[in-house]
Every structure is written in C-alpha cells, then in structure tokens.
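Chemist: Kindly return the folded structure for what I paste below:
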Amino acid sequence: MEKVKEFFMNKFYYPVRGFYRSVRRVLDYLPVIWNNYDWDQGYMLQLFAFKLRRMQKSFENDKWHTDANKTARQIQICAFLLERLAGDELERPHWDEFYKTYPTFGTFSTDENGYSSMRDREKWGKEFKRLNDHDEVVRKQDLELFWKIFSKNYQRWWS
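Modeler: Have a look, this model is predicted:
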C-alpha cells in the first residue's frame, strides 16, 4: 500500500501541485509585469520589491525556519525601502505643503517679448531646491540602508 501511495504522490499529486503553484505565481506576477516598463528604474525597484514581499509572506508563514520572523522583518524593511525609492518623491507630505504654499508652481507666464518663464520662480526657487536636496539625502540613505541589509543577509533568505 505504501508503494501505491508513493507512486500516486510522485506521478500525480506533486506534478499537479507544482503546476498549480506555477500558474498561481504567474497570475500573481501578471499585474506587476503588465504595468512594468524597461525604461525607468522605478519599475525595476517595484518588481524587486514585489518579489521581496512574496518572500516576506513565505517567511511569516514558515514553521521550519528557526529565524523566520527575523528574516521576514529584514525582507520587509528591504521591500519598504525599495517601494519608497520607486515611488514618486512628489508624493511626500512636505511636497503637499509646498504646493499649497506655491499654487502657481509649474505654470508658465509670457513676458511682453514673448519669452516664457516659470511663474513666480523667485518666490519658490529656494524652497524647491531645499526640498529636492532633502529628497536626495533621504534617497541616498534609503539606498545605503537597503544595500547594507540586503548584502549582509540575502544568502540566508531561503526557506
């Protein structure tokens, strides 16, 4: 009877289960890949973050890995950093305040000679530069922290 069970498991159950998991994985990735393009680093980071989120869930449900919770947390931090790096910096809260303060930002005006220029640039220029510089510092810190955690741990991230 044991041989029949082994035959059934090896010839039917495991291949069907493997096929089902593969199809499910393709379907999970489909929205990410469908909305992915080859010309922007943000899409690459989103794809990598998606993979890390899948791994995070796997470790959160892992009953065998002794450091599963610690590993899940490391992966969660890396995924969060990649998602933040991939996101649009103009969605950060300090930019919301900037746009409320300078509602004409991004609009153009034309002078009497027909030259076009950014409207009210002298009003918002310094603040715009300060916020951009701040974003660049945060981006650099996020990237450094990601690589520090990833390079130290990625070879142990398997279940």
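
Chemist: Could I get the full set of helices for this structure?
Modeler: Under the criterion DSSP state H, the chain carries helices at the ranges 2-8, 14-34, 41-60, 68-86, 93-101, 121-153.

Chemist: Which secondary structure elements does the first one sit against?
Modeler: Using 3 or more Cβ pairs under 8 Å, 6 or more residues apart in numbering; DSSP states H and E, no helix or strand is in contact with helix 2-8. The way it works is simple: take the backbone N, C-alpha and C, and place the C-beta from them, glycine included.

Chemist: and the most centrally placed residue in the chain, what does it touch?
Modeler: By Cα atoms, centre = their mean, the mean C-alpha position of the chain lies nearest to E83, the distance being 2.6 Å. If you count contacts by Cβ atoms under 8 Å, 6 or more residues apart in numbering, E83 has them with 45-46, 49.

Chemist: Then L82?
Modeler: With contact set as Cβ under 8 Å, 6+ apart, L82 has these partners: 45-46, 48-49, 52, 146.

Chemist: Excluding covalently adjacent residues, which one is nearest to it?
Modeler: Leaving aside its sequence neighbours, L82 sits nearest to A49 (Cβ to Cβ, 6 or more residues apart in numbering; 3.9 Å).
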